[in-house]
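> I would like to see how this sequence folds:
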Amino acid sequence: MSAAIPPHPPAEAAPAASERPASTWDELARKAGRSPGGASQVELRRELLVLWLDGDPYALPVERVREIVRMRAITPVPRTPASVRGVVSLRGEILQVIDLRRRLGLPAADADRSRRARIVVLNSEDGQLTGLLVDRVSEVLRVDEEALRPPAGRESDAVVALAPYGERFVSLFDVERLLELGE
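Numbers count the residues shown, from 1 in each chain. Next up, the predicted model:
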């Protein structure tokens, strides 16, 4: 007796999940394919780092944040714009620190600021690192792209959108505009 020959060669095994490249776009495409309404029901979400200045929440795109460090001694640098507080050493790198309160024209911080103050280290588009001195950092907010609204007329020139945050809104900064120091 001879064995029956299968009509088609056996299918190759799919690569293991760890061998497949992970991609946000691939994941979005899979979700769109599973959705009854197609791609129109897939919502893009933004992740925003919520920081506080003068009792109000603001946000930065998480993808621009390299790290958050505790307040440390800042060395003043002469002949710099008023919003530049000075420089700090961060693991051997010299990092310029901008006081975000000064940059936005907010009142000076009280003595309590030193305990909760943080330096948010940002990557700029040109690869430079810059630190933003803020009163505190609280959380990462995930918001649907559709929920973002244009800023109110009197918002800072560095604010590009407003995102819902509980019963209030958080102002989303454009990092490049925020770092422009033309005073």
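
> List the contacts of G92.
Neighbouring residues of G92 by Cβ atoms under 8 Å, 6 or more residues apart in numbering: there are none. No exception for glycine: its C-beta is placed from N, CA and C like everyone else's.

> So for R20, what's the pLDDT?
pLDDT for R20: 44.

> do the same with I5
49.

> and V69, bridged to which residues?
Following DSSP bridges, V69 is listed with bridge partners I119.

> burial count for it?
A count of nearby residues for V69, using other Cβ atoms under 10 Å, gives 15.

> if I look at it, how far off is V88?
Distance, V69 to V88, using Cβ to Cβ, to the nearest Å: 8 Å.

> overlap in contacts of the two?
Taking Cβ under 8 Å, 6+ apart as the contact rule, V69 and V88 both touch 119, 131.

> Straight-line length of stretch 164-179, end to end?
Its start and end residues considered, stretch 164-179 measures 24 Å (Cα to Cα, to the nearest Å).

> for it, what is the average pLDDT?
Rounded mean pLDDT across stretch 164-179 is 91.

> Mind listing residues that contact that stretch?
Residues outside stretch 164-179 that contact it (Cβ under 8 Å, 6+ apart): 48, 50, 56-61, 64, 98, 100, 103, 122, 124-125, 130, 132, 141, 143, 147-149, 151, 155-163.

> buried residues in that stretch?
Under the neighbour-count criterion of 16 or more other Cβ atoms under 10 Å, stretch 164-179 has 165, 169-175, 178-179 buried.

> surely L162 meets A147?
No. Look at L162 against A147 with Cβ atoms under 8 Å: they stay out of range, at 9.4 Å.

> Would you mind measuring from G86 to V134?
16 Å.

> still on that earlier bit, kindly give a single PyMOL line that selects the buried subset of the contacts of stretch 164-179.
Written as a PyMOL command, the selection of buried residues from those, which uses 16+ other Cβ under 10 Å, is:
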select buried, resi 48+50+57+58+59+60+61+64+98+100+103+122+130+132+141+143+148+151+156+158+159+160+161+162+163
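
> Out of the contacts of stretch 164-179, list just those in strands.
48, 50, 56-61, 98, 122, 130, 132, 141, 143, 159-163 (DSSP state E).

> CA-only coordinates of stretch 122-131, as CSV, when you get a sec.
Provided in CSV are the C-alpha atoms of stretch 122-131 (Å, rounded to 0.1, in the frame of the first residue of the first chain):
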residue,chain,number,x,y,z
LEU,A,122,13.1,67.1,26.5
ASN,A,123,14.5,66.0,23.1
SER,A,124,14.2,68.8,20.6
GLU,A,125,13.9,68.1,16.8
ASP,A,126,17.6,68.9,16.3
GLY,A,127,18.6,66.4,18.9
GLN,A,128,19.5,68.9,21.6
LEU,A,129,18.4,68.1,25.2
THR,A,130,16.8,70.9,27.2
GLY,A,131,15.4,70.8,30.7
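
> All set now, cheers.
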